[in-house]
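**Q** model the following, please.
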Amino acid sequence: MATVQSLDPDASPPDYYGWEPRRLREAANLKQGQLGDIIFCTGSLIGQIGTTRKIPTRDFSERVDAALGTDGLFSRLVGLVLRSQLPAWFQPYADMEAKATYISTYQALVVYGLPQTEEYARALLATGMPDDLDGLLAARMERQRILERDHPPLAWAVLDEAVLHRPIGGRETMRNQLARLLEFAGHRWMRMQVLPFRAGEHTSMDGMFTLLRFEDDPDVIYTEDLISGHMTASLDTIKEAARRYAHLQAAALSVEDSAALIARVMKERYGDRPRPDERTVA
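**A** Predicted coordinates:
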């Protein structure tokens, strides 16, 4: 188990984050419990974050900044800390995703990461039986902040209809997730289309892929296999992916019809149902 004294602030973002609050807290003549009282948390939590046993949240970081007068230091640093919790093979993609000006993705199995709800993401991430589910979840939620920027990327997602029917996390989780998708029906920067079952065979039966485009850098294609992700800037691959994506969009429902289908599935498959003792007996 790490101790504050054993931390090397140069070792990683979590180590640096754990080191700095202690240094600044002691400079302000505050004990862990006293700082906890100020920011409405336990001294134990402050100690766990200080020894990297717990990953800080953005809310925690903002409260520490306010309490210690650190001019947003921890609010800026927490993004790096959370990014470091992503799997090593996924971090290069997350870095590129954050820099992209245009994202187009086809998802065959699950909802795309950026519009996932916290409950849906938790259930999905738990299937991999990670050592630190909370850290992975916080990192997933941090990725979504790119949609809150003043100039976010233009993102376009085509979801296979199967994504709507696969009950990840249970009925309430799915109902909330589909409601979240409906929030993007009129969104300026992110749009959703559903590829209906009736489309039959299509140009991406091999599975998901994401195309990232940038202001000044080459386009990149990202795909995943069983255990890792892969990126390439091959012009031939980019051209083929663009062709396939154009066909997917043509076969998919319009944005408006997609929203209507999502709403229908949400109501019919995941809507509230009467309990057995509330049903009328004929």
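
**Q** and stretch 213-224, which residues are buried?
**A** By neighbour count with 16 or more other C-beta atoms under 10 Å, stretch 213-224 contains the buried residues 213, 219-223. The way it works is simple: take the backbone N, C-alpha and C, and place the C-beta from them, glycine included.

**Q** and that stretch, how far apart are its ends?
**A** 18 Å (C-alpha to C-alpha, to the nearest Å).

**Q** check the offset of that stretch from the chain's centre.
**A** 19 Å (C-alpha atoms, centre = their mean, to the nearest Å).

**Q** just stretch 31-51 next, same as before
**A** For stretch 31-51, the distance to the chain centre is 27 Å (C-alpha atoms, centre = their mean).

**Q** what's the first-to-last distance across that stretch?
**A** End-to-end for stretch 31-51, by C-alpha to C-alpha: 15 Å.

**Q** stretch 112-120 now?
**A** First-to-last distance for stretch 112-120 - C-alpha to C-alpha - comes to 11 Å.

**Q** before we move on, what about stretch 215-222?
**A** Stretch 215-222 end-to-end distance (C-alpha to C-alpha) = 18 Å.

**Q** doesn't residue 191 belong to a strand?
**A** Yes - under DSSP: H, G, I helix; E, B strand; the rest coil, residue 191 falls within a strand.

**Q** and the pLDDT at residue 266?
**A** Turning to residue 266, the model gives it a pLDDT of 96.

**Q** swap in residue 1?
**A** Model confidence at residue 1 (pLDDT) stands at 46.

**Q** in stretch 84-99, what's buried?
**A** 84-86, 90, 93-94, 96-97.

**Q** what is the neighbour count of residue 36?
**A** For residue 36, the neighbour count with other C-beta atoms under 10 Å is 18.

**Q** quick one: which of the buried residues of stretch 213-224 is nearest residue 26?
**A** Proximity of those to residue 26 (C-beta to C-beta) peaks at residue 222, which lies at 44.0 Å.

**Q** so which of the buried residues of stretch 213-224 belong to strands?
**A** 213, 220-223 (DSSP state E).

**Q** let me see the ranges of the strands in the stretch 151-282 of the chain.
**A** 154-160, 190-195, 209-213, 220-224, 229-232 (DSSP state E, counting those that start in this stretch).

**Q** coming back round to it: looking at the buried residues of stretch 213-224, which is nearest residue 135?
**A** For the buried residues of stretch 213-224, the residue nearest residue 135 by C-beta to C-beta is residue 222; the value is 22.2 Å.

**Q** now do the helices in the stretch 51-200 of the chain.
**A** Along the stretch 51-200 of the chain, counting by DSSP state H, counting those that start in this stretch, helices occupy 58-68, 73-83, 91-99, 118-126, 133-143, 161-165, 171-182.
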